[in-house]
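K.L.:
Build the 3D model from these lines:
(one chain, ligands or ions: 1)
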Amino acid sequence: MESTGLHKGRVVLVTGAAIGNGQAFAAEFAREGAQVVLADLIEATETRDRVLAHFGTLEPLLLQVDVTSEPATKEMAYIVKEKFGRIDILINNAGVYDEEPFDLLTLEAWKKVLDVNLTGLFLATKAVLPAMKQQQFGRIVNLSSDTIWLGTPYLVHYVTSKMGVVGFTRALATEVGKYGITVNAITLGLTATQRPPGTKLTQGNILSHLLPPQAIERAETPEDIARIV
Ligand SMILES: NC(=O)c1ccc[n+]([C@@H]2O[C@H](COP(=O)([O-])OP(=O)(O)OC[C@H]3O[C@@H](n4cnc5c(N)ncnc54)[C@H](O)[C@@H]3O)[C@@H](O)[C@H]2O)c1
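P.N.:
This next block holds a predicted model:
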């Protein structure tokens with residue numbers, strides 16, 4: 001697809017940008033002319049190489065960031081603002097999802113999922129909002145999941161966190177709209193992504209819950225939804 005230059009001049013920060021959805025979103029913004037910042041626990045070299053190989057004249061900025069850390073997210077926003085002078089768009093994509101039957105779900109696993117999927121979103125958003133307010137412009141897109149509507153089994157912690165994302169999005173959107181900042185969430189369906197090593201689920205298992213009720217029985221690809229983001 002040809003670039004329309006829609007995001008030329010925009011600085012776009014994508015969390016969880018090393019693989020999967022985050023990689024596809026960052027690549028799409030790069031195609032559309034944005035300066036992309038790739039924040040992840042792991043170094044997003046694969047995403048950088050994809051962006052440079054396919055689209056880029058602009059070198060992506062890679063930041064190793066744990067979104068559950070307040071100092072790390074503050075530093076992330078500081079570096080982006082210092083380097084590019086603005087932060088236009090934040091894609092809160094970093095997320096984790098281990099499958100676990102409720103009987104086996106430990107407090108530790110519960111806390112981890114809420115920590116990354118909700119507290120991480122809170123901290124990354126909090127870190128970039130001052131720049132967006134100053135600019136009187138900002139776009140925040142939060143990744144929720146269609147499991148909130150489906151009540152998918154073995155994902156109670158995850159589904160809870162992703163319903164929280166919707167509440168967060170709605171409440172914040174009404175608070176910051178007056179500064180020219182929009183906050184939206186996407187409840188995307190099952191998407192065929194890589195998953196980092198150690199993620200506790202089998203694609204086969206989750207597909208068996210989610211695919212049968214779909215109109216088209218195939219998992220989405222990250223590229224299917226990158227344009228929506
Ligand atoms: N894949 C799906 O079927 C699906 C469906 C609905 C929603 N989502 C949501 O989309 C988002 C991305 O999913 P994905 O399938 O691409 O996941 P993924 O596991 O393939 O990639 C997630 C990325 O987030 C990073 N990450 C994890 N914890 C982090 C932390 N604390 N700080 C910074 N980075 C961290 C990982 O290193 C990884 O690069 C998640 O929020 C997920 O809940 C995915």
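K.L.:
At which residues are the strands of the protein located?
P.N.:
Secondary structure of the chain by DSSP state E: the strands cover 11-15, 35-40, 61-64, 89-92, 138-145, 181-188.
K.L.:
okay but residue 218 is in contact with residue 211, surely?
P.N.:
Yes. At 7.3 Å, residue 218 and residue 211 qualify as touching, with contact defined as Cβ atoms under 8 Å. In short, each C-beta sits where N, CA and C put it, glycine included.
K.L.:
Of the two, which one has the most company?
P.N.:
The residue with more neighbours, out of residue 218 and residue 211, is residue 211; 14 against 11, by other Cβ atoms under 10 Å.
K.L.:
Distance check, that one against residue 162.
P.N.:
19 Å (Cβ to Cβ, to the nearest Å).
K.L.:
What of residue 128?
P.N.:
Relative to residue 162, residue 128 is positioned 21 Å away (Cβ to Cβ).
K.L.:
out of the two, which sits in the busier spot?
P.N.:
More crowded of residue 128 and residue 162, by other Cβ under 10 Å: residue 162, with 26 against 23.
K.L.:
Could you export stretch 26-37 as CSV, CA atoms only?
P.N.:
What follows is stretch 26-37, C-alpha atoms only, in CSV (Å, rounded to 0.1, in the frame of the first residue of the first chain):
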residue,chain,number,x,y,z
ALA,A,26,4.7,1.0,14.5
ALA,A,27,5.4,-0.1,10.9
GLU,A,28,2.0,1.3,9.7
PHE,A,29,2.7,4.7,11.4
ALA,A,30,6.2,4.7,9.8
ARG,A,31,4.6,4.0,6.4
GLU,A,32,2.4,7.0,7.0
GLY,A,33,5.4,9.2,7.6
ALA,A,34,5.6,9.3,11.4
GLN,A,35,8.6,9.4,13.6
VAL,A,36,8.1,6.2,15.6
VAL,A,37,9.4,5.4,19.1
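K.L.:
Does that stretch reach the ligand?
P.N.:
No. Applying Cβ under 6 Å from any ligand atom, one finds stretch 26-37 out of contact with the ligand, separated by at least 10.9 Å.
K.L.:
Fine by me, we can end here.
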